[in-house]
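Trainee: Pasting a predicted model and its sequence here:
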Amino acid sequence: MQELGPDLIKEILDVALSAGGQFSDIYLEDEELFSFVLENKKVKMIKSGMDKGLHLRTVNKDRSYSACSDQLGKDSLLMLARNIAQSVQSEQEAVAQKSKKITQESAASSIHLDEYQQIIDKFFQTNNNIYSMSDKIIQVTLSYFHAKKNIVIANSLGEHATDRRIYTRYMLHIVAQDGQATQTAYEGPGITGGSDLLKLYPPEEVVQKTVKRALTMLYAEQAPTGKMPVVLMGEAGGTMIHEACGHALEADFIYKDSSIFKNNMGKKVASEIVTVIDDGSIPGLYGSYGIDDEGVKPQKTILINKGILTSFLTDRMYGGLLGLTLSGNGRRESYHSKPVPRMSNTFIENSDRSPSEIIDSVKNGLLVKKMGGGQVNITNGDFVFEVAEGYLIKNGKIDKPIRGASLIGNGPDVLHQIEMVGNDKYFLPGVCGKYDHVPVADAQPTIKIKEMTIGGQ
């Protein structure tokens, strides 16, 4: 990792602030990555390489001026700083220096593909085994991703911080077909740190779960429509909390008056049994880090405490504009991007009810064991989410599987309608696509929602 000396850092930041501004920072990053995709028993893609570069930013009130470059010589960086200063003076966004992506051919010298050969071989065998499990399986896609990222951050406050991040994830996507009926199933475990992902989440176990879901849902009946109680299992993951609630608690949306929670600090926004937390400091989770992308340590931030809105997620700029404490949630995809407030690991906290007790309380309803994709309007909280694996509940018992269901509702309304909260919180990794992409994890225990609208195909 190439670091800049303290004298050069000070010179760059002084130049960037020379035309005005309240704050300036440098984000220096290098990344080494390896990934591959197997599809239909063939290697579709193998990618390895390195990329490194710097992002320079000056903040002035509610505007930021930034540019990036992979040219890290002194002259190039001082030119970048002058570009920033001119942008502040003219109140126009700085233009990034043209940054060439370092390709596999030019950057793979430090990547030893033989280190990954054992993983590739294992995934080939796994791929073949899946096809042998059922003649209804018509497509299997397996992908693997491993990245090491080193970060150095320095700013005009005299702060200096470093972080080393290791991300590992694999994803399995299965398509099953019988006649005109087609069903997909997906799993994608991921972790941070140096642990062995394949030991923590053995592919054999993940395959069994995914194949079973695909074949079960392939022969499931079409979902009924209408309003009914809904039980979201812990293993369904926290997609709804992330999308229907979490984004609306990010400080940039609060400042821009585009959040449903804009004027609700200290007010009741959920059932009193609901506590929502974001915590980027939990070891091993996919959304965790040692410092955020502005050099601030992550922390446990209680967003909703027993139904009461207590905090927002902040970065330096919007936290300062709103007069809020920094939560360590200033995040960016890479040195090509500027930081904004983003979730890390977001979840509903456990309570004391067992999943069986919650299911037993429902006479007629829907059990959601796995969530699919969806759409959310953060300005009013309206959402539509697909149900990837669902079952009817009859007289407190899990009944037949159903397919084609969707959950239609409103985030704030759902928070108020949560009647029971379980003790089986379960994290699932993901990638958040607000502006750019960052790793996250979401979780919830099993919860019972009094009533939701169920849509069908």
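Mentor: Here it is on my side, so go on. Just so you know, these numbers come straight off a predicted model, no measurement behind them.
Trainee: rest of the way, CA atoms for contacts and neighbours
Mentor: Will do.
Trainee: quick one: least confident helix or strand in the chain?
Mentor: The weakest-scoring helix or strand in the chain, judged by mean pLDDT, DSSP states H and E, is helix 104-107 (a mean of 33).
Trainee: That helix: what's the following helix or strand?
Mentor: helix 117-133 (DSSP states H and E).
Trainee: so how far is that following helix off the chain centroid?
Mentor: 27 Å (Cα atoms, centre = their mean, to the nearest Å).
Trainee: which ones are touching Ser351?
Mentor: When contacts are counted by Cα atoms under 8 Å, 6 or more residues apart in numbering, Ser351 touches Ile273, Val421, Gly422, Asn423.
Trainee: Any stretches of the protein with poor pLDDT?
Mentor: Applying pLDDT under 70 to the chain flags the ranges 1-2, 93-113, 457.
Trainee: buried residues in stretch 189-197?
Mentor: Pro189, Gly190, Ile191, Thr192, Gly193, Leu197 (16 or more other Cα atoms under 10 Å).
Trainee: Out of these, the closest to Ile358 would be?
Mentor: Pro189 (26.6 Å; Cα to Cα).
Trainee: doesn't Tyr426 make contact with that closest one?
Mentor: No - in this structure, Pro189 is not within contact of Tyr426 by Cα atoms under 8 Å, at 11.9 Å.
Trainee: Now the most centrally placed residue in the chain, what are its backbone angles?
Mentor: The centroid of the chain falls nearest to Val440 when counting by Cα atoms, centre = their mean (2.8 Å). The phi/psi pair for Val440 (degrees, to the nearest 10) reads phi -140, psi 170.
Trainee: Could you check what's spatially nearest to it, not counting adjacent residues?
Mentor: The spatially closest residue to Val440, leaving aside those adjacent along the chain, is Gly287, at 3.7 Å (Cα to Cα, 6 or more residues apart in numbering).
Trainee: about what we covered before: closest to Ala388 among the buried residues of stretch 189-197?
Mentor: Pro189 (16.6 Å).
Trainee: And the closest one, how close does it get to Glu349?
Mentor: 21 Å (Cα to Cα, to the nearest Å).
Trainee: And for Asp163?
Mentor: In terms of Cα to Cα, Asp163 sits 28 Å off from Glu349.
Trainee: Double-check that Leu407 belongs to a strand.
Mentor: Yes - assessed with DSSP: H, G, I helix; E, B strand; the rest coil, Leu407 lies in a strand.
Trainee: Go ahead and confirm the residue nearest to the centre of the chain touches Asn345.
Mentor: Yes - counting by Cα under 8 Å, Asn345 is a contact partner of Val440 at 5.7 Å.
Trainee: anything in contact with each of those two?
Mentor: Counting by Cα under 8 Å, 6+ apart, the residues touching both Val440 and Asn345 are Tyr286, Gly287, Ser288.
Trainee: would you list those in CSV and tack on distance to Tyr65?
Mentor: Formatted as CSV, the shared contacts of Val440 and Asn345 follow (distance: Cα to Cα, whole Å):
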residue, distance to Tyr65
Tyr286, 30
Gly287, 27
Ser288, 27
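Trainee: Save those as CSV, and put in secondary structure, neighbour count and distance to Ile12 too.
Mentor: Shown next, in CSV, are the shared contacts of Val440 and Asn345 (DSSP: H, G, I helix; E, B strand; the rest coil; neighbours: other Cα atoms under 10 Å; distance: Cα to Cα, whole Å):
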residue, secondary structure, neighbour count, distance to Ile12
Tyr286, coil, 29, 33
Gly287, coil, 29, 31
Ser288, coil, 24, 30
